[in-house]
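1. Just need the structure, nothing else, for what follows:
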Amino acid sequence: MNMEEKIIDERQQGTALALESLAGNSRKLYIESYGCQMNFSDSEIVASILAEQGYNTTQLLEEADLVLVNTCSIRDKAEQTVRKRLEKYNAIKKINPRMKWVY
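-> Model prediction:
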């Protein structure tokens, strides 16, 4: 069995996921993925589940009601990048106090 790991284009790291919006969904989800291909796939699954709960994805952090960051501690570079991003999330939280974020 070949267990080769898929290589992620570094330009994808931290790009906000954008899925097709569902009519009637009023809440906004901003989700970033870092690390391996599985994290990117898992983010799509989570976004699909949350779409059933009234969330559409957004690529604008400032308008998000919920921010999710998907990473793992196996890839040190991904984890360090996310830790730096937390400063940005905290700054936006001051502007948009209803926003929730999960790391």
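2. From here on, just use CA atoms for contacts and neighbour counts.
-> Will do.
3. For beta bridges, what are the partners of L68?
-> Beta-bridge pairing of L68 under DSSP bridges involves I31, V102.
4. K100 touches V67, doesn't it?
-> Yes: counting by C-alpha atoms under 8 Å, V67 is a contact partner of K100 at 6.0 Å.
5. can you give me the strands in this protein?
-> Taking DSSP state E to define them, one finds strands in the chain at 27-33, 55-57, 66-70, 100-102.
6. for those, which one sits closest to L19?
-> Smallest distance to L19 across those (C-alpha to C-alpha): 6.0 Å, for strand 55-57.
7. Flag every buried residue along the longest helix along the chain.
-> Across the chain, the helix with the greatest residue count (assigned by DSSP state H) is helix 76-95. Buried residues in helix 76-95, counted by 16 or more other C-alpha atoms under 10 Å: 78-79, 82, 89, 92-93.
8. can you check stretch 22-39 too?
-> Those would be 27-36, 39, for stretch 22-39 by 16+ other C-alpha under 10 Å.
9. Next, give me the two most distant ones among the residues you listed.
-> Put simply, by C-alpha to C-alpha the two of the buried residues of stretch 22-39 set farthest apart are R27 and C36, 27.6 Å from each other.
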